[in-house]
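> sequence first, predicted coordinates after that:
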Amino acid sequence: MAAFFVASRLWQEAETRIYLVKELDRRTGQGESAISVDDTLKVIECRLVFLSKISMLQKELDEAKKEGFVSKIPIETKGKDEKKKLLAVVGILTGFGRRHNRDAIRKAWMPTGTTLKKLEVEKGIIIRFVIGRSSNHGNNSDGDISNENKRTNDFLILNDHVEALEAQPVKTKLFFIDALQHWDAEFYVKVNDDIYLNIDALGAILSNHVNTPRAYIGCMKSGGVFSNPNDRWYEPEWWKFGDKKAYYRHASGEIFAVSRALAQFISINKSILRAYAHDDVSVGSWFIGLDVKHIDEGKFCCSSWSSGCSSNSSLLMHGSALANSKPPAAVRAGIPICFPQFGNRGSLEQHGFARNKIWEIDRNPPPLHHNDCDGKAFIDLLLKPSEEDMRVWPNRFEFRLRVLLTSDGTLKLISRVRNIGFKAFSFSIAYHTYFLVSDISEVRVEGLETLDYLDNLHHKQRFTEQGDALTFETEVDRVYISSPHMIGVFDHEKKRTFLIRKEGLPDAVVWNPWEKKAKAITDMADEEYRQTICVDGAAVERPITLKPGEEWTGRLELSALPSL
Ligand SMILES: O=P(O)(O)OC[C@H]1O[C@@H](O)[C@H](O)[C@@H](O)[C@@H]1O
């Protein structure tokens, strides 16, 4: 075979040489060429080598395409340059049972309707909820999303993706691929559907990195791999992470951005990119070995008041409140539990008796939902009615409260009230949460716009909130009815947002006593009303009724994030 190749090559060369000599003579009319025949042969040799290299490369390219290493779709450049490139596509990964979260996000930070379009045109930022299909295509869940989208027009539906909790890494991958196909942007940003985002600030951060090649921006972390199946972040393939079981550097999953080049890399290599149990770790793994610029952006460190995003974040514990309070007595600080009555809506003492009691430690609580076990630091408390309580409120109950601090700094309070008596009873409840703010005039509460509220300062009359967001210039004491699951308390001066997430607590109480009332409150210094805002997850307007043996659960989650 090799001999045949050499012989035929020599024959070709001899033939070419004779042809060339004749051709050169003809063109120059001279007996000798200005370029020697040998030189010309070198040029031809070169050309032949090039041609064969090109054909080899073409073959390799075809193979690579088959393997999925390179895109099969030619990258269109024509036409796209004429359009202005977008700054970012923000995908909020959501699910079928998450309608409340979406509504809360629409109310809290995501523009809707024409404002969404305006954001796109003026700031080059596209925002969409990202969702797949149900396993049983066309069922109610898909129909509900289609209907919601007809109204809101703010979804990116991944038709090739089947929704499942464990499929989040694949969904994140598909988001990048789909978003890239739809929009040509500098960055593609993935966010969870339970975070608060300041769009302007996001735009500013991303604009700073437009010229950074292959940027991967997020709250960068590494740390130990969770190898215990009971951990929320359990990684079944923990053994792949070496003896030290430590993650490589990756951006925390709540929010992170990748530049267009990285999104393209993901799109091209989709079939060979490995998905681990969680999307943040998976994305980090895809970039190992690439020349990627990991940008640690502290402002992306959401939901964490422990990991540097807000060093002095805390719930309100005024010095004066602590100094003056002597248990058992209500503290106007922290999170007193108002139970079984809210305010003076009943015959009991103001806010019920639970906040004035010493609760016992519950050493053996009945099991909780696994999502309520994701913190290493927690305490279980138990309140049972005393004889004195039974005299004023003759209902037999057990109130179990788990107070839990998750590893990402979220404070969770999970209440379970069980009727252990023989007759039904009704109760109201509020987590009377005191937040520490820089100055009440710098504070804005979002998520309550357009809602109806009962105004405690006007005989509990019903009004409708008119403003875009709630700001404070005077005393406020209101119960907002049927409020969203998520409410944001913004502190402009501190550039910090408290995020309140609640379940089983349809109402939200907002209270600031203002100057005059503050002076009358013994455990609040005269000026402390300025640093105080209470926003409570509550069930007030419609008390909760429990029949014998029934149990009610209510959850409150508080996190502090930097307002970008
Ligand atoms: O002084 P207390 O009993 O702790 O209550 C403080 C305030 O708590 C709020 O939740 C009520 O809506 C207000 O009416 C009340 O004044």
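Yep, it's here.
> run a quick neighbour tally on Gly203.
Applying other Cβ atoms under 10 Å, we find 18 other residues in the vicinity of Gly203. (C-beta placed from N, C-alpha, C; glycine too.)
> ok now do the closest residue to it other than its chain neighbours, which residues does it touch?
Using Cβ to Cβ, 6 or more residues apart in numbering and skipping the chain neighbours, the partner closest in space to Gly203 is Lys123 (5.6 Å). For Lys123, the contact set (Cβ atoms under 8 Å, 6 or more residues apart in numbering) comprises Leu87, Ile199, Gly203.
> make it 10 Å
By Cβ atoms under 10 Å, 6 or more residues apart in numbering, Lys123 lies in contact with Leu86, Leu87, Ala88, Ile199, Asp200, Leu202, Gly203, Ser207.
> and it, how far from Ser347?
Going from Lys123 to Ser347 by Cβ to Cβ, to the nearest Å gives 55 Å.
> show me where the protein has helices.
Using DSSP state H, the helices of the chain run over 2-28, 37-67, 99-108, 113-118, 140-152, 168-182, 199-208, 260-268, 279-286, 319-324, 387-392, 514-520.
> can you list contacts of the fourth one?
Residues from elsewhere that reach helix 113-118, judged by Cβ under 10 Å, 6+ apart: Arg106, Met110, Pro111, Ile125, Ile126, Ile127, Arg128, Arg151, Thr152, Asn153, Asp154.
> I'd like these as CSV, with pLDDT appended.
What follows is the contacts of helix 113-118, written out as CSV (pLDDT from 0 to 100):
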residue, pLDDT
Arg106, 86
Met110, 89
Pro111, 91
Ile125, 97
Ile126, 97
Ile127, 97
Arg128, 98
Arg151, 95
Thr152, 96
Asn153, 96
Asp154, 97
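> from those, which two are the most distant?
Ile125 and Arg151 (21.5 Å; Cβ to Cβ).
> ok, the two, which is more surrounded?
Remark: of Ile125 and Arg151, Ile125 carries more neighbours, 23 against 9, as counted by other Cβ under 10 Å.
> tell me what that one is bridged to.
Under the criterion DSSP bridges, Ile125 forms beta bridges with Ala88.
> what sits against it?
Neighbours of Ile125 in contact, by Cβ under 10 Å, 6+ apart: 86-90, 111, 116, 119, 185, 187, 189, 199-200, 202-203, 206.
> one more time with 7 Å
Leu87, Ala88, Val90, Leu119, Ile199, Gly203 (Cβ atoms under 7 Å, 6 or more residues apart in numbering).
> point to the residue nearest the middle of this structure.
Asn192 (2.5 Å; Cα atoms, centre = their mean).
> contacts only, for it.
By Cβ under 7 Å, 6+ apart, the contact set of Asn192 is Leu93, Gly253, Glu254.
> give me the pLDDT value at it.
Listed pLDDT for Asn192 reads 90.
> do you know how far it is from Ala167?
Counting by Cβ to Cβ, the gap from Asn192 to Ala167 is 15 Å.
> contacting residues around the residue nearest to Thr471 when sequence neighbours are not counted?
On the basis of Cβ to Cβ, 6+ apart, the spatially nearest residue to Thr471 that is not a chain neighbour turns out to be Arg444, at 5.4 Å. Applying Cβ under 7 Å, 6+ apart, we find Arg444 in contact with Ala469, Leu470, Thr471, Phe490.
> and the residues you listed, which of them are buried?
Buried subset of the contacts of Arg444 (neighbour count, 16 or more other Cβ atoms under 10 Å): Ala469, Leu470, Phe490.
> closest one of the residues you listed to Ser428?
Nearest to Ser428 among the buried ones among the contacts of Arg444, with distances taken as Cβ to Cβ, is Leu470, at 22.1 Å.
> contacts only, for the closest one.
By Cβ under 7 Å, 6+ apart, the contact list for Leu470 reads Arg444, Val445, Leu448, Val510.
> please apply the same query to Tyr480.
Counting by Cβ under 7 Å, 6+ apart, Tyr480 has contacts Leu448, Leu451, Tyr453, Asp507, Ala508, Val510.
> change it to 10 Å
By Cβ under 10 Å, 6+ apart, the residues touching Tyr480 are 445, 447-449, 451-454, 465, 470, 487, 506-510, 535, 538, 540-541.
> ok, back up a step: who is the residue nearest to the centre of the chain paired with across the strands?
Beta-bridge pairing of Asn192, defined through DSSP bridges, involves Leu93.
> now the buried members of the contacts of helix 113-118.
By neighbour count, with 16+ other Cβ under 10 Å, the contacts of helix 113-118 hold Arg106, Met110, Pro111, Ile125, Ile126, Ile127, Arg128, Thr152, Asp154 as buried.
> mind putting those in TSV, distance to the ligand included?
Below are the buried ones among the contacts of helix 113-118 laid out as TSV (distance: Cβ to the nearest ligand atom, whole Å):
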residue	distance to the ligand
Arg106	27
Met110	29
Pro111	32
Ile125	38
Ile126	40
Ile127	35
Arg128	38
Thr152	34
Asp154	35
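> tell me which stretches of the stretch 351-500 of the chain form strands.
360-361, 377-383, 397-405, 411-419, 425-431, 434-436, 443-446, 452-455, 461-464, 470-471, 476-480, 486-491, 496-503 (DSSP state E, counting those that start in this stretch).
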